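> Have a look at this fold, sequence not included:
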Ligand code: PMP
């Protein structure tokens, strides 16, 4: 495998950043993960728009122009022969002697890009069986709308899920309001057949898959409501599912040990998933 590190393509085992990198020391960095399917990058424009926003919110400089970045992303995918998989892109505020204040303005940002192929049968199994999740108390800072690499609460939540025999976790705030998954957004289908997801202005990451799913729902004539919902409403839903770039639309069949509906994946999430790739933006590698 090949990785891109600060202007160079290097062998993956040797790919490294400095010990004084601010991403390593302070989680002072942002990232994006984008899906690649059938040789097409899915929703690249929206992912790069969100990267720009994350950088802006943290007052970090853009590491390179969008044209250059797109070129490098495609090159990393080509060099790794990815046709189905993902790329991971990370930008940090660079390497400098450890000090909380921003480093000198001429400090170059660190940019790394990796890519890997994924096995479509793994996703297929998730779609067919659905996944089990647990709920955990929301304990994150209030700027999770920025896609930073500071993911410790998410890491602990996912590990807790694994140790309890589930695959993932959903953050729920102290009032019982459902926030989002540890690496995904949460949707429900109400008993009346309405698709609901919470507003994404703050308190959660505004997922790209979430945004594109709204385009998909419109073409399928499905009604979408952006409103908050509580854990009780989620437990009584006809369907519950996650959206994320890596999973697209993953049915949740059990939450905290209790089945959702009849405990099997629903038809709404399946039809959305089937239409998703047709509607999403596709950029050839
Ligand atoms: N919320 C969180 C906390 C995430 O980490 C992710 C995945 N990066 C998402 C939501 C889903 O975002 P997207 O659809 O852009 O992958």
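Noted; the coordinates are in hand. These numbers come from a predicted model, not from an experiment.

> Remind me which helix or strand the closest residue to residue 80 other than its chain neighbours belongs to.
Counting by C-beta to C-beta, 6 or more residues apart in numbering, residue 115 is the residue found nearest to residue 80 once chain neighbours are left out, at 4.5 Å. Every C-beta, even on glycine, is put in place using the N, C-alpha and C of the backbone. Element membership of residue 115, judged by DSSP states H and E, is strand 110-117.

> Give the other helices and strands that that strand contacts.
strand 2-5, helix 66-79, strand 85-92 (3 or more C-beta pairs under 8 Å, 6 or more residues apart in numbering; DSSP states H and E).

> Go again with 10 Å.
strand 2-5, helix 22-26, strand 29-37, helix 66-79, strand 85-92 (3 or more C-beta pairs under 10 Å, 6 or more residues apart in numbering; DSSP states H and E).

> so the third one versus strand 85-92, what angle?
Yep, that's strand 29-37 we're talking about. For strand 29-37 against strand 85-92, the angle by axes from the mean of the first three to the mean of the last three C-alpha atoms, to 10 degrees is 170 degrees.

> which parts of this structure sit against the ligand?
Within the chain, the positions lying close to the ligand (C-beta under 6 Å from any ligand atom) are 33, 180, 183-185, 205, 207-210, 243-245.

> among those residues, which two are most distant?
Spatial extent of the residues of the chain next to the ligand (C-beta to C-beta) is set by the pair 33 and 180 at 15.1 Å.

> okay, these two: which has more neighbours?
Applying other C-beta atoms under 10 Å to residue 33 and residue 180 shows that residue 180 carries more neighbours, namely 27 against 16.

> Determine the three-state secondary structure at that one.
Secondary structure, DSSP: H, G, I helix; E, B strand; the rest coil: residue 180 is strand.

> Quick one: neighbours of the closest residue in space to it that isn't next to it in sequence, just the number.
Using C-beta to C-beta, 6+ apart and skipping the chain neighbours, the partner closest in space to residue 180 is residue 204 (4.2 Å). As a burial measure, residue 204 scores 22 neighbours (other C-beta under 10 Å).

> got a list of what residue 204 touches?
For residue 204, the contacting residues are 138, 140, 144-145, 171, 178-181, 185-186, 197-198, 210, by C-beta atoms under 10 Å, 6 or more residues apart in numbering.

> Likewise for residue 207?
46, 50, 147, 180-181, 183-186, 197, 200, 213, 242-245.

> Verify the assumption that the residue nearest to residue 180 is located in a helix.
No. Under the criterion used here (three-state DSSP), residue 204 is coil, not part of a helix.

> Can you pull the phi/psi pair for it?
phi -150, psi 170 (degrees, to the nearest 10).

> what's the residue of the stretch 1-150 of the chain found nearest the ligand in contact with, if anything?
In the stretch 1-150 of the chain, the residue found nearest to the ligand is residue 33; the distance is 5.5 Å by C-beta to the nearest ligand atom. By C-beta under 10 Å, 6+ apart, the contact list for residue 33 reads 47, 86-90, 147, 183, 208, 244-246.
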